[in-house]
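Student: Make a model of this:
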Amino acid sequence: MGVPLAQSPPLFVPKLLFKDRQPTAVNRLDDPIWEQADIQKLLAWCAYADILTQVEEIYHSGRDPLGGGIREQLERMCHLVAPNRPLMRVLDELRISATFPSLGRALRGDPAMSPTTVTSPGPTGTDYFAHVSILNQLSSMATQLHEDSDKQQNHKYIAHQIALLYQCLNQVRGEARPFKKRIEEKFEEVKSLTENTGAPKLSEAYKQWLRTLTLDIQEMVGSFPPQLSAKLGPVADVYRASASQLGVH
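Tutor: Numbering: from 1, shown residues only. Presented below is the predicted three-dimensional model:
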């Protein structure tokens, strides 16, 4: 008597192609069909290369700071901006070589020199990133203080946070001067209320003072007044020059 069909071995056993691991695919849906000039990406690479060249100018290790494909990457991206122009000319026309002077010296083959002995005609890319970091810190601290003003469990830290906010204002200067005076007028009273009692708690008047202060600081940072935005000039100049180069208005 034959074996029942349900009990007979299968004629074919399929093998699962992805049994041990799932296939991966890179999402390219948002990538352009044709590669285009990307000033933001070019700036990021130049900033990275400028840091490497600054390190070499200080320590003189003898290594090529633009090795490892960095020079080739800069050439490729500059070629997208102006296909028929050499790398250095594109960086000069875009004002990138002035924004990142250490990179400019390295590409020109200038003798290595310490950045501290080189005078710059104005703010550089390094100044830009340092200033943006300070502005971000100032804005973040003001936001945090604004939120903590309504949280009594955080009132014991308020004086310390206000002191940090004051330090940020010290670094910004310029339009920040009036805010420093406002903090100086109230700081000792706030410190006494929040550090010398068993259950620190700001009065409604001080909560309102802190909310108003932090909102005014955020508004000042967001408005980019002249003295506050002066160090943003180098990168702004690059974008203006690139708009001219690429015909963008």
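Student: which parts of the longest helix anywhere in the chain are buried?
Tutor: Taking DSSP state H as the criterion, the chain has its longest helix at helix 125-148. Neighbour counts over helix 125-148 (16 or more other CB atoms under 10 Å) mark 125-128, 131, 134-135, 137-139, 141-142, 144-146, 148 as buried. (Glycine included, C-beta is placed from N, CA and C.)
Student: Check stretch 175-182 too.
Tutor: E175, A176, F179.
Student: Just give me how far whichever helix or strand A205 is part of sits from the chain centre.
Tutor: Following DSSP states H and E, one finds A205 within helix 204-223. Averaged C-alpha coordinates place helix 204-223 at 25 Å from its chain's average position (CA atoms, centre = their mean, to the nearest Å).
Student: thought T99 was touching D127?
Tutor: No. With contacts counted by CB atoms under 8 Å, T99 stays clear of D127, the gap being 9.5 Å.
Student: dump the residue contacts of E75.
Tutor: L87 (CB atoms under 8 Å, 6 or more residues apart in numbering).
Student: what pLDDT does V26 get?
Tutor: At V26, the model reports a pLDDT of 68.
Student: what about stretch 104-121, average pLDDT?
Tutor: On average, stretch 104-121 scores 65.
Student: Could you pull out the strands in this structure for me?
Tutor: In the chain, no strands are defined using DSSP state E.
Student: so how far is A82 from Q144?
Tutor: 45 Å (CB to CB, to the nearest Å).
Student: Got the domain ranges for the protein?
Tutor: Segmentation of the chain into domains, based on automatic domain parsing, reads 39-114, 125-231.
Student: distance between the ends of the longest one?
Tutor: It stands for domain 125-231. 9 Å (CA to CA, to the nearest Å).
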